[in-house]
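Novice: When you get a sec, could you give me coordinates for this:
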Amino acid sequence: CFNTIRKATTTTYSCMNHSAPEYLQEVVPVYEPVRRLRSCSQSLFCLPSSEDTNKKRSGARAFKNAAPKLWNSLPETLKKAESASAFRKNLKTFLFLQRTVSI
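Specialist: Predicted coordinates:
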């Protein structure tokens, strides 16, 4: 579970910074509201509709459904990492601390 979360969020980081393949960036659209809101500066992805999440073939574990939820739950300081390597390092620390807190 730890590695799955790490890989999904690292790929999502690449999508947010436009370094992932185009087909992945299309799967997880960036949240861009029509008008100016406080959430505009939070680096969020659009959450899938409950209709998409409940389908048998593309359930809650599918990348297009899980990635936005995982990404949006990360702290803002982690999302704003300067580089991919800094993001991976900080993500590993964050996930380790979350794991130890929940045990």
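
Novice: CA atoms for contacts and neighbours, from now on please.
Specialist: Will do.

Novice: ok, for P21, nearest residue in space, not its chain neighbours?
Specialist: Among residues not flanking P21 along the chain, C15 sits closest, at 7.8 Å (CA to CA, 6 or more residues apart in numbering).

Novice: and that neighbour, helix, strand or coil?
Specialist: Assigned by DSSP: H, G, I helix; E, B strand; the rest coil, the conformation of C15 is helix.

Novice: Give the burial count for it, as a bare number.
Specialist: 22 (other CA atoms under 10 Å).

Novice: now swap in A20 and tell me
Specialist: 15.

Novice: Phi, psi for it please.
Specialist: Dihedral pair for A20: phi -90, psi 160, per degrees, to the nearest 10.

Novice: now it: how far from G59?
Specialist: 23 Å (CA to CA, to the nearest Å).

Novice: do Y31 as well
Specialist: 21 Å.

Novice: And for L24?
Specialist: From L24 to G59 the distance is 17 Å (CA to CA).

Novice: One more: F94?
Specialist: Taking CA to CA, one finds F94 at 26 Å from G59.

Novice: just N90 next, same as before
Specialist: In terms of CA to CA, N90 sits 29 Å off from G59.

Novice: go on, T4?
Specialist: Distance from T4 to G59, by CA to CA: 16 Å.
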